Each structure stands twice: as structure tokens, then as C-alpha cells.
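A.B. asks: how would this look folded up:
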Amino acid sequence: MWAVIVLGAAGFVYSAASLPLERLDLRFALLAALTIGVTSRMTVMIPRISGHISVSDTFIFLTMLLYGGEAAVVVAALKGLVSTLFFSRRSIYIRPLTIIFNGAMMSCATFVTAVTLRLFFADVVPVTHGEFSARFVIALCVMALVQYVANSTLAAVHTSFKTNQPGWQTWSKYYLWASITYFAGACTAGIAAKIAEIAGFYALVATAPIIAIVYFTYRTYLENIEAMSEAAKAEAAAEARAEAAAEQAEQARKHVEELSHYIAEQERIREQYAQIEKLSALGELASGVAHDFNNTLAGILGRAQLLLGMKDPERIEAGLKLIIKTAKDGAKTIKRIQDFARQRRDHDFRPVSLDQLLLDVREITRPRWKSRAEADGVHINLALQLGSDSALVMGDESELREVLVNMVFNAVDAMPEGGTLTLATREERGRIEISVTDTGTGMSEEVRSRVFDPFFTTKGKAGMGLGLAVSYGIIRRHEGTVTVESEVGRGTVFRIKLPVAEGASAAEPSGELLPLKLVEQPANNTHILVVDDEEHVRVLLRDILESEGFRVSLAAGGREALGMLEAEDFDGVFTDLGMQGMSGWELAHAVRELDEQLPLAVVTGWGEVVGSSEQTAARVDWIVAKPFDTEQILGIAREISRRRESAADSAAA
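C.D. replies: Numbering: from 1, shown residues only. Presented below is the predicted three-dimensional model:
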């Protein structure tokens, strides 16, 4: 803007100083006054922006043809100032700097036109007063073209900065059409110059009122047409709004009906799917409970068969106590499943120990986070942090257990590579907080914000999206709150806060069975290593093998077993399949790296789930399914002993 102002001022000063005073007369003063004072107010609005184009360009052209370029530059600059000032006072406020800019822009454009005409025609005034010729027509065209290009370019650049649009787009959209007015103005100026030469200047002035009447008539016509167009558009818009409002009202009524039906249907579906979600959890529990019961049955069956061949009353009593303990453990497992599956028959709340509840949940879900996970080679450690000091809450134990089981299942699903699952309680300000923390994949903020929405799931077809929604409703029914914190790649924490039940008391915990004493048997030269993380199964296998005089060593896990294998020699190995830290398959591969010929038997509660391909890959000699028979174990042990003797004979030979 400042560059245009400086250049325009320079052009104005130069032209004023170079005015051909010998040519200027009263007619010039009249023409200048007419251009600046009257025609500058006769404008055409530029469509879609707050700008105008004045018809005074015709009189500027006429001034240039009759009195030269310098006179035209002075008149154009003053016309730009006056016309802009007129519109600023009449319709819209225009800043003083913009008024000066418009005058400078007219000065620049007209100065460029005058310089161009001087380059091509030296002095255009003699061309005007000469005969009507091709040279005169060319002069008119050059004058119109240069004035149009210079003026519209400067205006387009200025407008593009105001409207934040590209300069070329602004010029083509708002100023391209104005070329007609410039060429029409140049032609009119040429004709007027010839009329002034033939009939005299004052004859030309006499026609000005007629021209003004025609102009204002045409302008009034355009304004009426525009007003009618706007009225028609307003009427059409009003009708469209009325139709749209009626249509929206009808749609709103339909939406209300559909929404009412949808809410009722959703409530019905939610109740159905809540039960399905519970049955789905029971199905997952059942697949793991089969493993636990195979372990239980193995303990009972093996111990009973062992007792059949015993005569020692002390050993018989010890074996029977083990059978009783194992059977009670099985009964506890059944009770936990029954408690989980029990339907809520009333709304009566009773005192519930959350510490004991977490202990129950750990055992209920053990097949999911331990047995089943370890069978897949995934190791999950479940840690308990009980800090509520045996405080109680009023609630439905079955419902609260359902909530925690669901959260444990979700945590296990979030740790496909294994990790740590922590169940914790703590008392704070009259409320007990339960936290379920995993070190799994975590959730994004979008998933976290929708985690309690009904039917929202990230498990695809494997989930129904109702587990946490139902859990949220249960916690709210217990006058509690549940929140979730999660970070992608770091894990998730669910926090449940429930009010403490004042004055309530809990039942006394039952005592544990005393440890049993077993009678030792004479040793045998065949040395067998038994590996199992379940103590009663480990001890049972030892007792079965020692009943025929085999030497037995016990290991509670795979890593302990590897240490023992590296420290001493064994003739055979019995190992469980699903163990924490190192599975039976992993141990088998490690054993084969130490000794390719060592007899190896895998004992598993998963039964026929174990495939022959896995057995072949791990180079395992025997697969023993729980519950196992005593003779089956002893038969394998005898085969191990036979292989040992054969190897010894081969070495001696």
C-alpha cells in the first residue's frame, strides 16, 4: 500500500509540475470540475465486495485526448480522492489511508497510461485533433487497455490482501468484467473528442444532462431489478425454511417414537446380553475348571489306588487325610462356581469382606490367568495386596464377585505376552478402594472414554461389550464409583470405591489341615525327577514312585528343575505342562538341549487338548493325562528303569 502511495504521489507531483499551461483554458476547468465533482459520484458497485467503479474514467480519457497525459494524471488523482471521500461519508466508513491509497492508485494507473501513449504516439493531442484514422483508433485501444490493466491490477492486489485470496483469482472474479466499462469509456471519449472538435466543446456539455438522465434511469432500473430479485430470494428462502421446519417437526416426532421404542428394546436386550455375558464368563471358567478337577481327581484316584496295596496303618491314615483335603479343595472350587453363577433374587445387601472376596476371585479365575495362560506359554503373575484391615461393605457378594471376575478376565486379555495382575484393597476416609491393575497393552484416550458404554468392545466378535457396562451398573447400585486410568503400552488400572459398612462383623476363617507324615520306603537305584507346581500332585507322584523303591527328587518349577539336572544325574523326568515361569514344553526343550536320550514324560490336566505335533516337536516320550492311574505312572517308571539298565549293559559291553 505504501509503495503505491509513494509512486502515486510522485506521479502526481511530476505531472502537476509538467502541466502544459498553454493548453489549459476555461473548458479544461469545466471538464475537470465535471469529472471530479459530478461523474465521480456516478458509480457501479463491484459484485460481492464493498467496492465501486466510477464512470468518470470516460472523462479522464477525454481529458487525456484533449489536454494530454499530465492533465489527465492530475484530474484522475483528485477524482480518486474525492470519490472515495464521498462514499466514506455517505455509505461506509473508509479510513483516511485508504482514501489516499485510492487517489494514488488512480494517479499511478493514469501515469502509466500517459507514459505508454507517449512511447507509442509521442503526443496524443495532435492525434485527437487530426483526421479520424486507424492511428486514432489504435490510440483509443492502447489507452483503454493500459488504463484497465494498470488500474484493475493495483485494485486486485489490494483486494486480495483484504479478502485473503490469491491475486489472480481476485482479479478474474471481481475485475475482469470491468474491461467493458474501460473500452466503452475510451470509445465514448473518442467520439466526444471528435464531436467537440466538429461542433464545439459547449455543444458536448449540452448533451451531459441527457447522458445523466439515461445513466440514472438505467441505474434505477438495475436497483429495482436487484430489489425484486432479493425479494424473490427472500420469499423462496422463507418458504424453504417453512417446509424444512415442518419436515424437521415430523422427523422429530418420528425420532421421539423411534427413540422410545429403541430405549425399551435396548433395556430388554441389555438384560438378555447381561445374562449371556455371565454365561460367557462361566464358559471360560468351565474350560479351566476341567483342568483343576483333573488335578483333584488325579490326587484322589492315585492316592486311593496307592492305599489299596498298603498295610501300614500310619501311611494309610496319612493317605486318607490327603484324599479328604483334596476332595474339600474340589468342593471349594464347585462352591465358587455356584456362587458366581447364582442369580440375584432380591436387593438385600449383607456385610461383605472385600479382602476375602479378592481371595475368592483369585481362586475362581486361576484356571484363566494361570492354567490356561501357561498352557499357551503365557506367564501371568497375580499379586494380592490386602490393605483394608478386614473392613466390610454392604452389598451383594455374588454381584461384586461378578464385577471383579469380569475385570480380571479383561486384564488377562490385555496381557497376551504375559505380565503382572494386581488385586489390591485399601481403606481411606470411610470408603474402601479396590484396584485391578494390569501391565498390559493399555487403552487410548478414545477407548478409555467409552469403556463403560453398552455394546462397545475392542474384542471384535469375541466380545459383546456388556461386561463393563453391567459392572458399572452394579457398582452404582452399591452406591459406589468406578474409574479407569490407562496408558498405551503401560497398562490399565480400574478403581472401585465402596462405602464402609459401620458396625458389621465377618465370620471367623476356618483352620487349615495339619501337615501329614508319610512313611519312607527303601531307595532304588533309578533316580527320577518330578516337576509340578501343584504340591499335592508333586507329592502324590513321589509317593507312587517311592512305593516301588524309586529314588525321587522334587522341583516346584521348570527353572529349579534345570538347576537340579545340571547339578546331578537323573534317569528320567516327570513334568507338569502348565507351570508358572516355564511351561512343560519349554522345560522339555531345555532338557533335550542337555540330554537327548533322557526319558521324559509330561503330565497334564488338559488331557486330549495336547496335540501329537507338540509332543513330537518337544521330543517327549510320554503324555500322561490327569487323572492318571497308579499303574500308568509305575509302568513308565519301570520303562525308565529298563532303559537305564540297557544303557548300563551297553556301556559295560
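A.B. asks: hey, where'd the helices end up in the stretch 51-200 of the chain?
C.D. replies: 57-67, 69-90, 96-121, 124-129, 134-163, 167-170, 179-199 (DSSP state H, counting those that start in this stretch).
A.B. asks: just so I know, which of those helices lies nearest residue 567?
C.D. replies: helix 167-170 (85.6 Å; CB to CB). In short, each C-beta sits where N, CA and C put it, glycine included.
A.B. asks: okay if I get the helices of the stretch 51-200 of the chain as CSV plus mean pLDDT and mean neighbour count?
C.D. replies: Formatted as CSV, those follow (pLDDT from 0 to 100; neighbours: other CB atoms under 10 Å):
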stretch, mean pLDDT, mean neighbour count
helix 57-67, 79, 26
helix 69-90, 72, 23
helix 96-121, 80, 21
helix 124-129, 76, 18
helix 134-163, 80, 18
helix 167-170, 69, 14
helix 179-199, 74, 18
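A.B. asks: Near residue 327, how many other residues are there?
C.D. replies: By other CB atoms under 10 Å, the residues close to residue 327 number 14.
A.B. asks: element containing it?
C.D. replies: helix 313-341 (DSSP states H and E).
A.B. asks: Residue 581 and residue 377 touch, don't they?
C.D. replies: No. Taking contacts as CB atoms under 8 Å, residue 581 lies outside contact range of residue 377: 11.4 Å.
A.B. asks: domain parsing for this protein?
C.D. replies: Per automatic domain parsing, the structural domains of the chain span 2-204, 292-499, 527-652.
A.B. asks: And for residue 434, nearest residue in space, chain neighbours not counted?
C.D. replies: Distance criterion CB to CB, 6 or more residues apart in numbering; nearest residue to residue 434, sequence neighbours excluded, is residue 496 at 4.3 Å.
A.B. asks: To clarify, my last question referred to residue 169.
C.D. replies: Of all residues not flanking residue 169 in the chain, residue 160 sits nearest, at 7.7 Å (CB to CB, 6+ apart).
A.B. asks: in terms of contact, does that neighbour touch residue 166 like I think?
C.D. replies: Yes. Using CB under 8 Å, residue 160 is in contact with residue 166, at 6.4 Å.
A.B. asks: Just want the most central residue of the chain.
C.D. replies: Most central in the chain under CA atoms, centre = their mean is residue 446, positioned 5.2 Å from the mean C-alpha point.
A.B. asks: in the helix or strand where it lies, what's buried?
C.D. replies: Secondary structure from DSSP H and E places residue 446 in helix 445-449. By 16 or more other CB atoms under 10 Å, the buried positions in helix 445-449 come out as residue 448.
A.B. asks: tell me the contacts of the nearest residue in space to residue 183 that is not next to it in sequence?
C.D. replies: Spatial nearest neighbour of residue 183, chain neighbours left out: residue 144 (4.7 Å); criterion: CB to CB, 6+ apart. By CB atoms under 8 Å, 6 or more residues apart in numbering, residue 144 lies in contact with 61, 182-183, 185-187.
A.B. asks: If we use 6 Å, what do you get?
C.D. replies: 182-183, 186 (CB atoms under 6 Å, 6 or more residues apart in numbering).
A.B. asks: now, which of the residues you listed sits nearest residue 140?
C.D. replies: Lowest distance from residue 140 to the contacts of residue 144 (CB to CB) belongs to residue 186, with 4.8 Å.
A.B. asks: any idea how far the closest one is from residue 113?
C.D. replies: In this view, residue 186 and residue 113 are 10 Å apart by CB to CB, to the nearest Å.
A.B. asks: Out of the domains of the chain, which is closest to residue 260?
C.D. replies: domain 292-499 (17.4 Å).
A.B. asks: quick one: the closest one to chain centroid distance?
C.D. replies: Centroid displacement of domain 292-499 relative to its chain, using CA atoms, centre = their mean, to the nearest Å, is 31 Å.
A.B. asks: circling back: any common contacting residues for residue 186 and residue 113?
C.D. replies: The contact lists of residue 186 and residue 113 share residue 143, where a contact means CB under 6 Å, 6+ apart.
A.B. asks: what's the spacing between the residue nearest to residue 183 and residue 600?
C.D. replies: For residue 144, the distance to residue 600 equals 104 Å [CB to CB].
A.B. asks: mind listing what the spatially closest residue to residue 62 that is not a sequence neighbour touches?
C.D. replies: With sequence-adjacent residues excluded and distances taken as CB to CB, 6+ apart, residue 62 is closest to residue 189, at 4.2 Å. For residue 189, the contact set (CB under 6 Å, 6+ apart) comprises 58, 61-62, 65.
A.B. asks: Can you give me the distance of residue 189 to residue 255?
C.D. replies: Residue 189 is 67 Å from residue 255, by CB to CB.
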